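**Student:** I'll drop the sequence and a predicted model, then ask my questions.
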Amino acid sequence: MYSAPARYVDGLPHPDRCLVMGVVNVTPDSFSDGGMWFETDDAVRHGHELVAAGADLVDVGGESTRPGAERPTIEEELRRVLPVVADLSAAGAVVTIDTMRAEVARQAVDVGAAGVNDVSGGLSDPEMLPAVAAMAVPYVCMHWRGPSATMQQHSSYGDVVAEVVTELRKRVDAALTAGIEPGRLVVDPGLGFAKTGEHNWTLLSRLEALHELGQPVLVGASRKTFLGSLLTDAAGTSRSPLGRDTASAVLSAVAAWGGVWCVRVHDVPASLDAVRVAARFAQEEDR
């Protein structure tokens, strides 16, 4: 059942539906696309394709967060993302920078990024929250229990929904204390980050609990392993990431129907259709 209308975020688009954020991974080792957009020209072209397909936001990241991933140096991360952010922003795209490093966030905003998407919720870099507050840009604060190389060692929960909400509330409080404005703060339950597939399904079925935090919610389920595990073939082989887009779009509709502010996806057209359908159903609910 439709929960609550998506809330607006200051400084970002305000369509009358759940937003769709397209992903540009400028990495050689992403789980979802295997480095297809690692070269700058390829990443820029893909970003433009996402905008042309209807993406409200384009999320550019230079560090893979797949389980077990090793971190690039800060210099390498900057080399990967800055020209992509600059080009897309100059062309009119609304770009967010996907980074856990305050210095990367600062330089990306300097060249045009409109917001910061931090999968560590400010825990990886103590300078992040003050830096975002000083820049006065939107900030996506994700639930996080540790770096990619070891995060699945921290996937033990008694009540995953209650614990994720409690831990996210602490990060919301830290962000507000640092000076980030409430109207610019978004929360993300971090599907797949220190969570099993069962945890992900439980969180998706309890989206109303995340709304209790009082901030807009972003959900990133696109192409994740728990979908591949669901979509096994007759031999029991998990569906590959590129074969999970239909299921990802279905979850976009579910998330939008559950009142989330934005879905982060790889296949923009399908999820854009999905959130439009959810918005139309919501109109009937309101009558």
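**Tutor:** On my side now, so go ahead.
**Student:** can you list the residues that contact stretch 157-168?
**Tutor:** 121, 141, 143, 145, 187, 189-190, 195, 199, 202-203, 206, 209-210, 212-213 (C-beta atoms under 8 Å, 6 or more residues apart in numbering). Glycine gets a C-beta too; all of them are placed from N, C-alpha and C.
**Student:** again, only using 10 Å
**Tutor:** Contact with stretch 157-168 is made by 121, 123, 141-145, 156, 187-191, 194-196, 198-203, 205-213, 215, 217, as judged by C-beta atoms under 10 Å, 6 or more residues apart in numbering.
**Student:** helix or strand with the lowest mean pLDDT in this protein?
**Tutor:** Every helix and strand of the chain was ranked by mean pLDDT, DSSP states H and E. The lowest is helix 268-286, at a mean of 91.
**Student:** related to what we said a few turns ago, from the contacts of stretch 157-168, keep the buried residues only.
**Tutor:** Neighbour-count burial (16 or more other C-beta atoms under 10 Å) applied to the contacts of stretch 157-168 gives 121, 123, 141-145, 187-191, 194-196, 199-203, 206-207, 210-211, 213, 215, 217.
**Student:** give me the nearest residue to residue 86, chain neighbours excluded.
**Tutor:** residue 111 (4.1 Å; C-beta to C-beta, 6 or more residues apart in numbering).
**Student:** number of residues surrounding the one you found?
**Tutor:** As a burial measure, residue 111 scores 18 neighbours (other C-beta atoms under 10 Å).
**Student:** which residues touch it?
**Tutor:** By C-beta under 10 Å, 6+ apart, the neighbours of residue 111 are 81, 82, 83, 84, 85, 86, 87, 88, 89, 90, 95, 97.
**Student:** where's it relative to residue 15, distance?
**Tutor:** From residue 111 across to residue 15, the span is 25 Å (C-beta to C-beta, to the nearest Å).
**Student:** now, the buried ones among the contacts of stretch 157-168 that are in strands?
**Tutor:** Judged by DSSP state E, strands contain the following of the buried ones among the contacts of stretch 157-168: 141, 142, 187, 188.
**Student:** what's opposite the second one in the beta bridge?
**Tutor:** Going by DSSP bridges, residue 142 is paired in beta bridges with residue 188.
**Student:** list the neighbouring strands of the biggest strand by length in the chain plus their orientation.
**Tutor:** Determined from DSSP E, the single longest strand within the chain is strand 19-25. Strand 19-25 sits in its sheet next to strand 57-61 (parallel), strand 262-265 (parallel), going by DSSP bridges.
**Student:** how distant is it from the center of its chain?
**Tutor:** 8 Å (C-alpha atoms, centre = their mean, to the nearest Å).
**Student:** any idea of the mean pLDDT in it?
**Tutor:** The pLDDT scores in strand 19-25 average 97.
**Student:** ditto for stretch 91-108
**Tutor:** 98.
**Student:** and that stretch, what's buried?
**Tutor:** Those would be 93-102, 104-108, for stretch 91-108 by 16+ other C-beta under 10 Å.
**Student:** likewise for stretch 214-225?
**Tutor:** Buried residues in stretch 214-225 (16+ other C-beta under 10 Å): 215, 216, 217, 218, 219, 220, 221, 222, 223, 224, 225.
**Student:** neighbours of residue 69, just the number please.
**Tutor:** Residue 69 has 17 nearby residues by other C-beta under 10 Å.
**Student:** three-state assignment of the residue nearest to it when sequence neighbours are not counted?
**Tutor:** Computed as C-beta to C-beta, 6+ apart, the closest residue to residue 69 that is not its neighbour in sequence is residue 148, at 4.2 Å. Put simply, residue 148 is coil when judged by DSSP: H, G, I helix; E, B strand; the rest coil.
**Student:** run through the residues that contact residue 148.
**Tutor:** Here residue 148 is in contact with 63-71, 100, 119, 193-194 (C-beta under 10 Å, 6+ apart).
**Student:** tell me if I'm right that residue 46 and residue 87 touch.
**Tutor:** No. Assessed by C-beta atoms under 10 Å, residue 46 is found out of contact with residue 87, at 11.4 Å.
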